[in-house]
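Student: sequence unknown, structure follows:
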């Protein structure tokens, strides 16, 4: 098995460019998101601003899941330890963005669906399945901690990650659409039809998606580099 | 070795070992019976709704399988027979052989648990065919996921309660669809009204089986 792990180089100019873009985009999104004008709709009212934060966080989680599964697959093919680090860091960021997404979703649900009941959690299918997804990633990290030897750990964790990814479509797309739900995307309807997004909101929503994906990329590349350095230091303690 | 013959040999080996002391099957049956009785005592004598009944049945089965089937690969590691198997068979033979054996165990468990449950709670099933289909498809999905994760946990150094932690979140789709189909069978809905659940169970069994057969190679080879 090949173990050559060249350092995970990130192009400096690209990194700076993305960092500046993300800073500008997310600052703009926060300002426009809280201060900008939005269409006044019944029930949603001001809570519609959460669209700019909640939805991009979930998109980022999906992206992180795909990146993590891809690197797990590549790790099984070539056994390069860097792939394992990449899969782990992407899964970790997926977990973070998932927690953020679930918190923003809870707040949104509290003030629209459960307004007047005082409930924060009412077992909406999408909400519950999202919580299960986070449990799966939690289990992934517990599994990683249970194995000492790095190569075995990488392989076992990659197998679990890929097996979990196979069951995720059932969790996130199939089951929630069969159950009655208040969440857009329930009962067979797609989440983003033409009527869901007012034209004025697109100008904040799309930059927000780009901003959060860019933020993921920045955190991901830096965490991978840090993890790689830690890995090298553990292999050669006198360095 | 011929693939079918090899698979059959692994299956028969496990079956013979099991028949020698019946440790696995007795643990499973007693566990599921204990769980059902515990739940029924805790709930008391008043009648339960079909929703609660189906949920109790599935939860007892899921926990029994996640605790009882963990031994299938650990036993090979402890007995020192892993190398022998690895030398003489291909990975897919070992996986499918073990899977057949686990399916037999889970199938027996399901029959026993459902029978005891229907008898103790005095439930008359209005659509028995639907119940059988839901439980049968659920058994396949449950056995596949548990077999792969049991192989995975056998490679981990600190085992403990690792298998249920890894397994239960993955089985949530199975639990949701299985519970819903079972409830519909209890209240006497037709097959067509439960087609969503049955298709989901079928898809889950198929997707996990394909993924598990491919992924097992990476767990088994050093």
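Tutor: Received the coordinates, thanks. Since the structure is predicted, the reported quantities are computational estimates derived from the model, not experimental observations.

Student: in chain B, what spans have low per-residue confidence?
Tutor: The model of chain B has pLDDT under 70 over residues B:1, B:159.

Student: switch the cut-off to 80
Tutor: B:1, B:45, B:71, B:157-160, B:221-222 (pLDDT under 80).

Student: can you map out the helices along it?
Tutor: In chain B, the segments counted as helices under DSSP state H are B:3-21, B:23-43, B:50-68, B:71-79, B:82-88, B:91-121, B:128-155, B:162-170, B:172-187, B:195-220.

Student: okay, now residue B:174: neighbour count?
Tutor: 26 (other CB atoms under 10 Å in any protein chain shown). Any C-beta I mention is one placed from the backbone N, CA and C, and that applies to glycine too.

Student: you'd agree it is up against residue B:204?
Tutor: Yes. If you go by CB atoms under 8 Å, residue B:174 and residue B:204 touch, sitting 5.7 Å apart.

Student: any shared contact partners between these two?
Tutor: residue B:141 (CB atoms under 8 Å, 6 or more residues apart in numbering or on different chains).

Student: wait, which of the helices of chain B is closest to residue A:29?
Tutor: helix B:162-170 (32.4 Å; CB to CB).

Student: Pull the residues that contact the closest one.
Tutor: With CB under 8 Å, 6+ apart, helix B:162-170 has contacts from A:132-133, A:135-136, A:139, A:142-143, A:146, A:160, A:163-164, A:167, B:62-63, B:66-67, B:70, B:145-146, B:149-150, B:152-153, B:156.

Student: and the angle for that helix with helix B:195-220?
Tutor: Between the axes of helix B:162-170 and helix B:195-220, defined by axes from the mean of the first three to the mean of the last three CA atoms, to 10 degrees, the angle is 140 degrees.

Student: Which residues are in contact with residue A:60?
Tutor: Residue A:60 touches A:93-94, A:97, A:212-213, A:215-216, counting by CB under 8 Å, 6+ apart.

Student: Enumerate the residues of chain B near chain A.
Tutor: Residues of chain B lying near chain A by CB under 8 Å from any CB of the partner chain: B:145, B:148-149, B:152, B:155-159, B:162, B:165-166, B:168-170, B:172-173, B:176-177, B:196-197, B:200, B:203-204, B:207-208, B:210-212, B:215, B:218-219.

Student: Pull out the buried members of the residues you listed.
Tutor: B:145, B:148-149, B:152, B:155-156, B:162, B:165-166, B:168-170, B:172-173, B:176-177, B:196-197, B:200, B:203-204, B:207-208, B:211-212, B:215, B:218-219 (16 or more other CB atoms under 10 Å in any protein chain shown).

Student: buried ones in stretch B:74-87?
Tutor: B:74-76, B:82, B:85.

Student: of those, closest to residue B:29?
Tutor: The closest of the buried residues of stretch B:74-87, once distances to residue B:29 are taken by CB to CB, is residue B:75, at 18.4 Å.
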